[in-house]
Structure formats: structure tokens, C-alpha cells
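Asks: Fold the following, please.
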Amino acid sequence: MEESFPLDSPSMSRRQLLNFLTGAVVAASAGAALYPTAKFFVPPQEVGEDGSIIAKDINGNIIPVSQILAEQPGTRALVAGLAGEPTYLTVQQDGTLHPWGIVDNCTHLGCTFPWNPNDNQFQCPCHGSRYDNEGRVVRGPAPLPLRLAHVNVTGNYIRISPWIETDPRTGQKPWWV
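Replies: Next up is the predicted model:
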């Protein structure tokens, strides 16, 4: 006996084809509509590959870079930086952020302190330590300069990462590494 192929065609009927195409169009449209909606509700990645975090305000809200850059040049903005430590960011004369932030933590006993624009200094109210505008000790009892942190702008976010390179103020290995 000869073997023959069956005459039944395995192809789809017209109705099956139209049902498949309709389902594909509906699925593609729903996916295109849901993707931006889902993306809106997913917060940006908190910790980057380099150990950086996104700068936030005291309430934990992300601070857009446009908000800080809207300030006058020379302005110092205080944000929650690495490990939630307050960090000063500086708006430069060209309207960008300074490449490093200064951690607001006195090297004498760990007090936080304000920036005094009249004296152009950081002044610790606890024991009188003073630091210049780059965080170098001007007057003790603080023994070391203030810690630095990298400041990078990514899109509309400010990313703060640990400073582990040579301290540009002293030309030496940072004491905090």
C-alpha cells in the first residue's frame, strides 16, 4: 500500500486568523498603554552600581536637579546624602553643581552645622570649629577637613556617591577611606 498524505489542511480558518489578529492588536495596544503607566509608578533605582544614591530632602522626597539649579550661583543646598547624612551641594557660577558635596558632619564630635554666607564658612555651634568654603579647617578644635562625596547629575536626578580618590584639597589619601 502506498502511503499518502492526508487531504485535511492543517491551516487556520479565516475565523481563527481574524481572532488571532484581533487578539494580537488588543494585546499590543494594552501593552503600549500599560508600560508608561507602570514605569510612572516604579521609582528610580535607589542605589547605583557605583554605590551612589539619589539625593533627597529631609522627608525622603527625591529632589530634582532643576530645583537646586534654579537657585543663585554660590547657593549651598542641604540634601540627605549617603547613609542619610546631610550633605551640602553648591551651585557654581556657570549654573552647574560642583563635582563634590561636603558632608555636614563636624570632624571634632560629629555635630551638624550651618553654612554662614556672611563669613563664607561652615561654623559648628557646638565647640566653635570653623571650615572654609571647601571644608578645610580654619579654626579648631576640629582636627580634620570635612568629608567629600561625588555629585553627579543623571537626567533630572542628583546622584551622590562615596569619595575614595585623593582629596583634592590636601592632595593626600582621604582620612575617611
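Asks: Residue 143 belongs to a helix?
Replies: No. Going by DSSP: H, G, I helix; E, B strand; the rest coil, the assignment for residue 143 is coil, not a helix.
Asks: burial count for it?
Replies: 10 (other C-beta atoms under 10 Å). In this view, the C-beta of every residue, glycine as well, is placed from N, C-alpha and C.
Asks: which residues touch the closest residue to it other than its chain neighbours?
Replies: Nearest residue to residue 143 in three dimensions, chain neighbours excluded: residue 107, at 6.2 Å (C-beta to C-beta, 6 or more residues apart in numbering). Taking C-beta atoms under 8 Å, 6 or more residues apart in numbering as the criterion, residue 107 is in contact with 129, 137, 142, 143, 144, 145, 146, 147.
Asks: can you pull the pLDDT of residue 28?
Replies: For residue 28, the pLDDT comes out at 92.
Asks: Can you say which helix or strand has it in it?
Replies: Using DSSP states H and E, residue 28 falls within helix 14-41.
Asks: dump the residue contacts of residue 119.
Replies: Residue 119 touches residue 130, counting by C-beta under 8 Å, 6+ apart.
Asks: how close does it sit to residue 57?
Replies: Taking C-beta to C-beta, to the nearest Å as the measure, residue 119 falls 26 Å from residue 57.
Asks: The residue nearest to residue 143 belongs to a helix, doesn't it?
Replies: No. Checked against three-state DSSP, residue 107 lies outside a helix; its state is coil.
Asks: Nearest residue to residue 93 in space, please, no chain neighbours.
Replies: Nearest to residue 93 is residue 73, by C-beta to C-beta, 6+ apart, at 4.6 Å.
Asks: ok now do the one you found, which residues does it touch?
Replies: 91, 92, 93, 94, 95.
Asks: Could you report the separation of the fourth one from residue 32?
Replies: When you say that, I think you mean residue 94. In terms of C-beta to C-beta, residue 94 sits 40 Å off from residue 32.
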